[in-house]
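Chemist: Sequence and predicted structure are below.
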Amino acid sequence: MLNFWKKRDRCSRCGKTLGSSRKITGRTPITLEQTGERLCADCALREVGGLLPEESGPEVNSFLDETIKSICVKADLDETLITARCKVVLGSDVEIQRTARGYDITFYALLLHNPEQTKKVVDYVVGWIAQNPLSINPLSEKISGDTALTQSNAVVFLFIPASRPLPSDEDLDFMTTQILPDFPRDKVGWLVYSQPHDSGPENHKFIGDTLSRWQSRQSNPESIKLLPKKAHTQAGRELICLVGRKFPPS
Amino acid sequence: MTPNEICLRLNGHELSQFVTVVGTPPDLRFFEDNLRTARGKHTVNFSVGGRYIRNRVSFRGPHVDIWNDFEPFAISEFIDAERKRVAAEQEKARFLDAIEGVFYLNAKTILNLELLPTFDKSILSKDPQGTKFFVSHRWQSPDHPDPKGEHLALLKQHASGHPTAHYWVDYSCLPQPRLVSDSKMFDRTLPKLTSIQSGASTLVIMDDQYLDRLWCHVEHYIGVLFSQANFGEKRRTIEYLGHGPADARELAESVQMLREPEWGRLRVTKESDIPFIQENWRFLTNILKFQLVDRFVEVFRTLPGKDLYCASGHFPQSVFGLSYPDSLGRISSVFRKFDWRTEAIYEENSLVRTAALLAHSDEFKKYEKRELRFSKYLFHEQRQVAYLAMLLALVRHANRFRFRVKYLRTLYAKIVIMSMFC
């Protein structure tokens, strides 16, 4: 339900609605300590003028290191699960979001000179993490054929997001009849992976690495073609597979 | 909280050494939150070196009393003996960490060749900088490794994509005694092939008989081993020109488990090469052993307060007590739940990350009620055992009245990972 009746938080100077349009949480507008004014990033930038800190450098690294350590101790996390940075222009003191295997945090760079506000930000982030805990899914791999590819057999690759279950053996049989109806079942090998990441460039890299590793083990990899095909599980779930076939040289 | 505020007593005696801290002060934020308010007594039991240790831990805020009957393990003598053994192994293996006076063919030269040339200093580069490739291939005839130019064609294809690279090809970069008079150089360099290979990535030109030849088999094995080991920024890779082995997955696992090649099955021209190759192989397997220990030590170093209580512990010596296949087998079973790249187990902080992910996964349940067993090579001092008991008692304290570890999960997961060092 839209809270159209609720008064929106606006910048004291330009009247712009506060908060970023990006998919974030933790929108804490910038507040000027002396006047209590609540400002948007643009007005805050004009206010501080040339005194803005940098987004990188030893001071920023030290700030990030200290702040992340504090958050990790309080939130019972290891530092390896957090990626963090500072930004000079940001619509709030902090933006935090959960990634597939950790948290991604952006701090407003002016916090470097405001330890009191930093403490509040740390408490806010710790509270947010407690409300949005990580739930890591172990990876799984299902192999029913990892032999060298020839012209008389085929291999099917299937990449499943880590948050979804792998299909059963019966599902694979069911899908084989849709993808390669003329092939005997024992001539079709399946390589099914649950991906470490649900989406994004890391995911593409994982798929690319997996396929190139497999291809490097095949003789004459240039004669292999990988074609995408759609298939359905017995429960009607649609999945996209990559079918590997070896063709005679043209 | 300062180091002086924390008072850790073991069997009634204060462990006072730790208050002298030089350099960066230790990070005690964990104790601010968890130790200051701790009260009560806990019994924490675990095994160290196969011996059951019963620890009684009493918290009165930052004052912690620990009682146990752990007998320290005299590790110094053991380490001295092991160091001598490894040094002797290195000498027998004739392995050099840095080797000089090695000649390479550069990519430009390769692209202009019609047949692999014999050793000729005028067309070779001595000790060049930059990307280097060690070429492993089977000789097609006794006099020339590639009389039809098939290997050269594959090398040219590779070199065209790596115009600044340098290639080490045995026939062209090493004087062959039957063909030239400089046999001394041949004899000097031949035993150091793996030293040359360790400074380069490996290119394998495989054919049907490649894996049956002793030298080829070992070069391939070492190439896979180097590609898995962590050389930091100077990463070593293995590439196959033409086609690769069909069973690469099994091969990678076999190398990682350091399974010995089937020496008797392999063919070699000079039988006298066999003992040397075996010594060389055995010495090189130490690389992975040391790297696995490094990963466990990284986990240890992330434990809160480690600087205070275990400052005297220099853990690399633990490698000498490592049972590599057992430890790798145990840690792999957890590691693969979160990363399939088998070689990634040797990357920096791989086990720290595994512990962090384990702590937030359902897999964690499997380890909550297990009896923990630790290696005496990792925990050989009384203070280390007392420190471990304190951390486990804090986990128990934070989770009192509960059967499951809900709080301090990351700390507990790290301790579980360390128990896999065996």
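Modeler: Arrived safely.

Chemist: how about the nearest residue to A:Pro133 once chain neighbours are set aside, what does it touch?
Modeler: Nearest non-adjacent residue to A:Pro133, counting by C-beta to C-beta, 6 or more residues apart in numbering or on different chains: B:His360, 7.1 Å away. Yep, even glycine has a C-beta here, placed from its N, CA and C like the rest. Shown in contact with B:His360 (C-beta atoms under 8 Å, 6 or more residues apart in numbering or on different chains): A:81, A:133-136, B:409.

Chemist: I'd like those residues laid out as CSV, including pLDDT and secondary structure.
Modeler: Formatted as CSV, the contacts of B:His360 follow (pLDDT from 0 to 100; DSSP: H, G, I helix; E, B strand; the rest coil):
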residue, pLDDT, secondary structure
A:Leu81, 94, helix
A:Pro133, 92, coil
A:Leu134, 90, coil
A:Ser135, 86, coil
A:Ile136, 87, strand
B:Arg409, 94, helix
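
Chemist: what does chain A put close to chain B?
Modeler: Within chain A, the positions adjacent to chain B are A:69-70, A:73-74, A:76-78, A:80-81, A:101, A:133-139, A:141, A:146-148, A:193, A:196, A:209, A:213, A:216-221 by C-beta under 8 Å from any C-beta of the partner chain.

Chemist: Quick check on those residues: which are buried?
Modeler: In the residues of chain A next to chain B, burial by neighbour count holds for A:69-70, A:73-74, A:76-78, A:80-81, A:101, A:134, A:136-137, A:146, A:193, A:196, A:217-218, A:221, counting by 16 or more other C-beta atoms under 10 Å in any protein chain shown.

Chemist: After the helix or strand bottoming out on mean pLDDT in chain A, which helix or strand is next?
Modeler: Within chain A, no helix or strand scores below strand A:30-31, which has a mean of 63 by mean pLDDT, DSSP states H and E. Heading C-terminal from strand A:30-31, the first helix or strand you meet, by DSSP states H and E, is strand A:38-39.

Chemist: Which of the buried ones among the residues of chain A next to chain B fall within helices?
Modeler: A:69-70, A:73-74 (DSSP state H).

Chemist: Reformat those residues into a markdown table and put pLDDT next to each item.
Modeler: Formatted as a markdown table, these follow (pLDDT from 0 to 100):
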| residue | pLDDT |
| --- | --- |
| A:Lys69 | 93 |
| A:Ser70 | 94 |
| A:Val73 | 93 |
| A:Lys74 | 93 |
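
Chemist: Mind putting these into a markdown table with distance to B:Gly61?
Modeler: Formatted as a markdown table, those follow (distance: C-beta to C-beta, whole Å):
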| residue | distance to B:Gly61 |
| --- | --- |
| A:Lys69 | 23 |
| A:Ser70 | 21 |
| A:Val73 | 18 |
| A:Lys74 | 19 |
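
Chemist: Just the closest of those residues to chain B, please.
Modeler: Nearest to chain B, judged by C-beta to the nearest C-beta, of these is A:Val73 at 4.5 Å.

Chemist: Leaving out the residues flanking it, which one is nearest to the closest one?
Modeler: In space, A:Val73 is closest to B:Arg29, 4.5 Å off (C-beta to C-beta, 6+ apart).

Chemist: So for that neighbour, what's the pLDDT?
Modeler: pLDDT recorded at B:Arg29 is 86.

Chemist: contacting residues for A:Lys69?
Modeler: A:79, B:27, B:29.

Chemist: By neighbours, which of the residues you listed wins?
Modeler: Using other C-beta atoms under 10 Å in any protein chain shown as the neighbour test, the contacts of A:Lys69 are led by A:Glu79, with 19 neighbours.

Chemist: Run a quick neighbour tally on the closest residue to that residue other than its chain neighbours.
Modeler: Excluding the flanking residues, the one nearest A:Glu79 by C-beta to C-beta, 6+ apart is A:Cys72, at 5.2 Å. When counting by other C-beta under 10 Å, one arrives at 21 neighbours for A:Cys72.

Chemist: do you know how far A:Cys72 is from B:Lys414?
Modeler: 13 Å (C-beta to C-beta, to the nearest Å).

Chemist: tell me the domain boundaries of chain A?
Modeler: Domain segmentation of chain A under automatic domain parsing yields A:30-131, A:141-246.

Chemist: For the chain, give me the ranges with low pLDDT.
Modeler: Because you didn't say which chain, this covers chain A. Within chain A, the ranges that satisfy pLDDT under 70 run A:1-8, A:19-35, A:45-53, A:146, A:198, A:249-250.

Chemist: that answer is for a different chain, and I need it for chain B
Modeler: B:16-24, B:177-191, B:246-249, B:310-318, B:401-403.

Chemist: which one of the contacts of A:Lys69 sits closest to B:Arg282?
Modeler: When the contacts of A:Lys69 are ranked by distance to B:Arg282 (C-beta to C-beta), A:Glu79 comes first, at 37.9 Å.
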